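Asks: take this sequence and fold it.
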Amino acid sequence: MNQGWALDFMHDVLYDGRRFRTLNVIDEANREALAILVAQSLPASMLIRTMDRLVDWYGSPQSIRMDNGPEMTSHDFVEWARRRGITLNYIEPGEPNQNAYIERFNRTFCTEVLDAWLFNSIEQVQAIADDWLTH
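Replies: Modelled structure (predicted):
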C-alpha cells in the first residue's frame with residue numbers, strides 16, 4: 001500500500017445547470033479511495049493542496065498514475081512531485097485502460113453518487129461524496 005496512487009477528474013452538472021468537477025484519488029494496491037474533492041474549478045493549485053493533505057496523512061507514494069490533463073502537467077504540480085521524490089506516470093492519450101483502477105472507481109462513483117442524485121449545490125455534492133466515501 002501507498003506505493004502507487006491514481007488520480008482522475010470527473011465532471012457533472014448541478015440541477016440548475018452549473019458544471020462542477022471532482023478530483024478522485026485512490027491507492028492502487030488496495031483500491032482505497034483517499035479523497036474526492038468537489039469544486040466548480042480544480043486548478044493545479046487545488047490539486048497540489050489536496051495532494052499535500054494526502055501526503056501529510058498517508059505519507060508520500062512512490063508514484064502517481066494519471067492522464068495528461070493541464071493540471072497534472074503544470075509546472076507547479078510537476079515540481080511539487082519532484083521535490084517529494086514522487087514519480088509521475090502519465091498514461092498515453094486516449095488510453096484510459098492504462099489507468100484502469102481509477103476508471104473502475106469512477107464508474108462506481110458515477111453510478112452510486114453522481115447518477116443517483118440531483119444536486120443543488122457544490123456543498124451538497126461534497127457532503128454526499130464524503131458520506132459515500134466513509135461508507
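Asks: pLDDT-wise, which helix or strand of the chain ranks last?
Replies: None of the helices or strands of the chain scores lower by mean pLDDT, DSSP states H and E than helix 70-73, at a mean of 94.
Asks: most distant residue from the centre of the protein?
Replies: Among residues of the chain, the one most distant from the C-alpha centroid is Asp16; the distance is 24.1 Å, by C-alpha atoms, centre = their mean.
Asks: SS state for it?
Replies: For Asp16, the secondary structure call by DSSP: H, G, I helix; E, B strand; the rest coil comes out as coil.
Asks: surely Pro43 and Glu71 touch.
Replies: Yes: the pair formed by Pro43 and Glu71 meets the contact definition of C-beta atoms under 8 Å, at 6.4 Å. C-beta here means a position set from N, CA and C on the backbone, and glycine is covered the same way.
Asks: neighbour count winner among these two?
Replies: Neighbour count, other C-beta atoms under 10 Å: between Pro43 and Glu71, Glu71 has more, with 20 against 14.
Asks: roughly how far does the more buried one sit from Ser60?
Replies: 19 Å (C-beta to C-beta, to the nearest Å).
Asks: what of Ala129?
Replies: The gap separating Ala129 from Ser60 is 24 Å, by C-beta to C-beta.
Asks: one more: Met46?
Replies: Relative to Ser60, and taking C-beta to C-beta, Met46 is found at 19 Å.
Asks: span of stretch 33-50 from start to end?
Replies: The straight-line separation of the ends of stretch 33-50 (C-alpha to C-alpha, to the nearest Å) is 13 Å.
Asks: typo on my end, it should be stretch 57-73
Replies: From its first residue to its last, stretch 57-73 covers 24 Å (C-alpha to C-alpha).
Asks: residues contacting that stretch, please?
Replies: Stretch 57-73 has contacts (C-beta atoms under 8 Å, 6 or more residues apart in numbering) with 2-9, 27-28, 34, 42-44, 47, 51, 77, 81, 84-91, 93, 96, 98-99, 102.
Asks: do the same with stretch 85-105
Replies: Contact with stretch 85-105 is made by 4, 6-8, 24, 26, 28, 31, 33, 60-68, 72-73, 78, 81, as judged by C-beta under 8 Å, 6+ apart.
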